[in-house]
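J.: Fold the following and give me the result.
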Amino acid sequence: MIHKREPNARWVNQSHEDLLRAWNANMDIQFVLDPYACAKYLMSYTTKPEREMSLLLEATHKECREGSMP
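T.: Numbers count the residues shown, from 1 in each chain. From the prediction side, this is the model:
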């Protein structure tokens, strides 16, 4: 599925305009047809080397170890 876009939107991922305005952030929306591919994508996304994500995962791991997760 390809949405019609203006040339100045060439660096924006293809998605619904109203969703982009409401979310006000980048979204990578994809059709998922295979559970393995979904799991692989999620793992590659959550383990990419970004400082903020590393801090979030570290805090989550600490909470799990300390038993403070609901």
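J.: just the helices in the protein please.
T.: 17-23, 35-46, 51-66 (DSSP state H).
J.: Next, format those as CSV and append mean pLDDT.
T.: Converted to CSV, those look like this (pLDDT from 0 to 100):
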stretch, mean pLDDT
helix 17-23, 75
helix 35-46, 85
helix 51-66, 80
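J.: And those helices: which comes nearest residue 7?
T.: Closest approach to residue 7 among the helices of the chain is made by helix 17-23 (15.4 Å; Cβ to Cβ). C-beta here means a position set from N, CA and C on the backbone, and glycine is covered the same way.
J.: Dump the helices of the chain into a markdown table; add distance to residue 9 and mean neighbour count as well.
T.: What follows is the helices of the chain, written out as a markdown table (distance: least, Cβ to Cβ, whole Å; neighbours: other Cβ atoms under 10 Å):
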| stretch | distance to residue 9 | mean neighbour count |
| --- | --- | --- |
| helix 17-23 | 9 | 10 |
| helix 35-46 | 23 | 11 |
| helix 51-66 | 26 | 10 |
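J.: Quick one: these as JSON lines, columns for distance to residue 6 too.
T.: Putting those into JSON lines (distance: least, Cβ to Cβ, whole Å) gives the following:
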{"stretch": "helix 17-23", "distance to residue 6": "10"}
{"stretch": "helix 35-46", "distance to residue 6": "28"}
{"stretch": "helix 51-66", "distance to residue 6": "31"}
